[in-house]
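**Student:** 3D model of this:
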Amino acid sequence: MGREAVLHPPERGAPPDVLASFAEAPLRRELPALAAVAVCVFAGYATIGPPTVTLEDSGLLTTNAWAAGIAHPPGYPLYTAIAWAATHVPIGSVAYRVNLVSAASAALACAALVLCARRMGLSRFVAVSAGFTYAATTSLWSQAVVAEVYALHALLFFATLAVALDLARRFDPTRARLLALLYGLGLSNHWPLLVLASGAFGVVLWHRRSELLRDAPALLGCMALGLLPYLWMPLRSLAGAEITMFGTLRDLRDLGWYLSMTGYGHLRVSEFATLADRLAYAELAVRRLLEDAGPLGALAAGLGTFWMVRTRRWRLGAALLLAIASTAIVFRLILAHTFTERGAEYLLAYQVVPAGAWVLCAALAAKLAPRRPGLVNLAAGAILVSTVALHFEANDRRTDTLALDYARAVLRAVPQGATLVVGGAADTGPLAYAHLVEGMRPDLHVVSATGAVFPTRAFDPMRVDAPGARAGLAGLLEREGVVYSPMLGRVMPMLGVAPHEGATSGLLSQVGARVGPVPLSPFALQAVREVLDREAAGRYSPHWPSLRREILGALCATLALRGERHPLMTRNAACARAAGLLPPATHPARAGQAGLRRGGATAEQPSWRYPHHVAAAP
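**Tutor:** Numbers count the residues shown, from 1 in each chain. Next up, the predicted model:
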């Protein structure tokens, strides 16, 4: 470190096993390096990220932010408020503006990680390299370029950890109150993940518990200030927000429904889940952690762990271990859910904090060679370069417009003035964005079979039970006579139509006196061919393969029903099955149960999540 850091002996009562070699350089000396990391990472993410909406929650979060509404449980009020402000910045599409919120949050998270590394006594070069390496991990990168809440979670966690390391070294009431404020803001973003990761803060600050307890009233007040974003939800409800995930809040029961994440009940518990499923998720989390920084990073993390054990930095090691295990492993061990491909895809988002803690472990390997700074810097640079090279291709999403292209194709196919019923993760978000935000096909009446996001609802998702939900959807079908759906197999059970009554649906199907595919105009067919051509050319991202498979299968089925063939039908298994070139996959439920007993992920599972009583088949 040389003159870059000022080392002080630890205060009386500060445990030497954690803090004896920590650096306490003035923050103003670190600001140029922190700013350089944040600006460079943000510029990279902004350049290489998708220009529009993406799959899964991106369309839902973007639509709710654009309308200043309420996102899905637990509400994410802090993220929604920030994203709503970003929608007013005149740059690119609305979706791109909201994507930049994640990019900025991730860039600042990398800067916060650099500060954590400096507080652990690492040189500025190693700390900055760790920040850039964290930016290149696929866990953070995948969440930093799309509309999601996890990059903001990473920022608030590592900012809180940096302040905690300062407090552990030298107690200061102002810093303690800043920590409480940051912790409250973290709870306002994603409280379940932050609560699970809080053990890391507790370990670092355990020896300061008496000082913190003496200042408890002020700390609680600062944390309450951090929780103020939750007022967004009742205030927007009183203002009559038209677009919310499940409707506005009318009383405390509705607020509790959101905060307790009642709509996730079917995700937390599955009657088929076993211990093997939980262990499979834990194994996957460890495997992805090893892949995040590549082989060199994994080796360095092992050496950093060895250094902590050899020098008896037990508390530091315990704090990093808790940060790694809390969300990546413990979260999935708590959830009693079957091991499926979709669940494995969700796990990537929960890895943002564990990936950062893993990079810090790797950076601590520099402690093993304090007198060889050249060798240490070379190793840090090699880890950074290898991590970027390992993950660049998969996260280069500059041409990833699959979600919006698919939504446009669906909207082109719907007859004038019709009612469109959506019900899957593959179609709801993209269609919500295209129809509500981009204003495509304002003549349509779009309804979600789960009561989500669209202003017109067939039932109240927060108040009705399963029979009431089905009755509301049946009433919709009776009133309209004919409704249309892009994901017929997902919507039929919700509408009370037996799945065997519908043929292969393709891009769009009708449900009414006749159940089956809708003849498409040449204009709509051209949109289908364009999407498949772009996929064949490799323009779309490989992220969310299960959702991509649903979309591509539907598009190929559309052409197959007309007797057309496309090159993808010989290169993509989902397209080949949709075209009848391969036998159909096993029934999802049976395949899931069989696959779980073998410990493998299933390729199929119910596509939508909210609310659990609607997703259940009658």
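**Student:** and after the helix or strand containing L473, which helix or strand comes next?
**Tutor:** Element membership of L473 [criterion: DSSP states H and E] is helix 466-480. Sequence order places strand 483-485 as the next helix or strand after helix 466-480, per DSSP H and E.
**Student:** about what we covered before: what's the distance between the helix holding L473 and the middle of its chain?
**Tutor:** 32 Å (C-alpha atoms, centre = their mean, to the nearest Å).
**Student:** can you point out the buried residues in that helix?
**Tutor:** Residues of helix 466-480 classed as buried: 469-470, 472-473, 476-477, 480 (neighbour count, 16 or more other C-beta atoms under 10 Å). C-beta coordinates here come from the backbone N, C-alpha and C atoms, glycine included.
**Student:** can you name every helix or strand that it contacts?
**Tutor:** strand 419-422, helix 488-495, helix 612-615 (3 or more C-beta pairs under 8 Å, 6 or more residues apart in numbering; DSSP states H and E).
**Student:** any idea which of those scores lowest on pLDDT?
**Tutor:** Least confidently modelled of the helices and strands packed on helix 466-480 is helix 612-615, at a mean of 38 by mean pLDDT.
**Student:** pull the contacting residues for the residue nearest the centre of the chain.
**Tutor:** In the chain, the centroid-proximal residue (C-alpha atoms, centre = their mean) is A349; its distance is 4.2 Å. Listed by C-beta atoms under 8 Å, 6 or more residues apart in numbering, the contact partners of A349 are 142-143, 148, 150.
**Student:** if I look at it, how far off is R288?
**Tutor:** For A349, the distance to R288 equals 11 Å [C-beta to C-beta, to the nearest Å].
**Student:** any idea how far V94 is from L213?
**Tutor:** Counting by C-beta to C-beta, the gap from L213 to V94 is 47 Å.
**Student:** just how off-centre is stretch 54-74 within its chain?
**Tutor:** Per C-alpha atoms, centre = their mean, the centroid offset for stretch 54-74 relative to its chain is 12 Å.
**Student:** for W358, grab phi and psi.
**Tutor:** phi -60, psi -40 (degrees, to the nearest 10).
**Student:** test my guess that it contacts A293.
**Tutor:** Yes: under the criterion of C-beta atoms under 8 Å, W358 makes contact with A293 at 6.4 Å.
**Student:** quick check: neighbours shared by those two?
**Tutor:** Going by C-beta under 8 Å, 6+ apart, residues that sit against W358 and also against A293 are 137, 301.
**Student:** check contacts around W232.
**Tutor:** Here W232 is in contact with 70, 75, 77, 80-81 (criterion: C-beta under 8 Å, 6+ apart).
**Student:** how about it, secondary structure?
**Tutor:** helix (DSSP: H, G, I helix; E, B strand; the rest coil).
**Student:** please apply the same query to the one 4 residues further on.
**Tutor:** For R236, the secondary structure call by three-state DSSP comes out as helix.
**Student:** look up the pLDDT of it for me, please.
**Tutor:** On the pLDDT scale, R236 gets 94.
**Student:** okay, L213 and V94: which has more neighbours?
**Tutor:** Higher neighbour count among L213 and V94: V94, with 22 against 9, using other C-beta atoms under 10 Å.
**Student:** residues contacting that one?
**Tutor:** With C-beta under 8 Å, 6+ apart, V94 has these contacts: 62, 66, 87, 433, 437-438.
**Student:** so which of those residues are in strands?
**Tutor:** Of these, none are assigned to strands by DSSP state E.
**Student:** quick check, nearest of these to R332?
**Tutor:** Of all the contacts of V94, R332 sits closest to T62, with 27.1 Å by C-beta to C-beta.
**Student:** show the pLDDT at that closest one.
**Tutor:** 96.
**Student:** all further residue positions should be reported with the first residue as 630.
**Tutor:** With 630 as the first residue, the last one maps to T691.
**Student:** any idea how far it is from Y1035?
**Tutor:** Counting by C-beta to C-beta, the gap from T691 to Y1035 is 15 Å.
**Student:** looking at the two, which is more packed in?
**Tutor:** T691 (32 against 29).
**Student:** pull the contacting residues for that one.
**Tutor:** 682, 712, 723-724, 727, 776, 1062, 1066.
**Student:** just put these in CSV and tack on distance to T1199.
**Tutor:** Formatted as CSV, the contacts of T691 follow (distance: C-beta to C-beta, whole Å):
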residue, distance to T1199
V682, 30
A712, 41
V723, 38
A724, 33
V727, 37
A776, 34
Y1062, 32
V1066, 36
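**Student:** what is the nearest of those to V1140?
**Tutor:** Y1062 (23.9 Å).
**Student:** quick one: neighbours of the closest one, just the number.
**Tutor:** 30.
**Student:** what do you get for the one 4 residues further on?
**Tutor:** Neighbours of V1066 under the rule other C-beta under 10 Å: 21.
**Student:** mind checking how far the strand or helix carrying Y975 is from the chain centre?
**Tutor:** Assessed by DSSP H and E, Y975 sits inside helix 970-976. Its chain's C-alpha centre and that of helix 970-976 lie 11 Å apart, by C-alpha atoms, centre = their mean.
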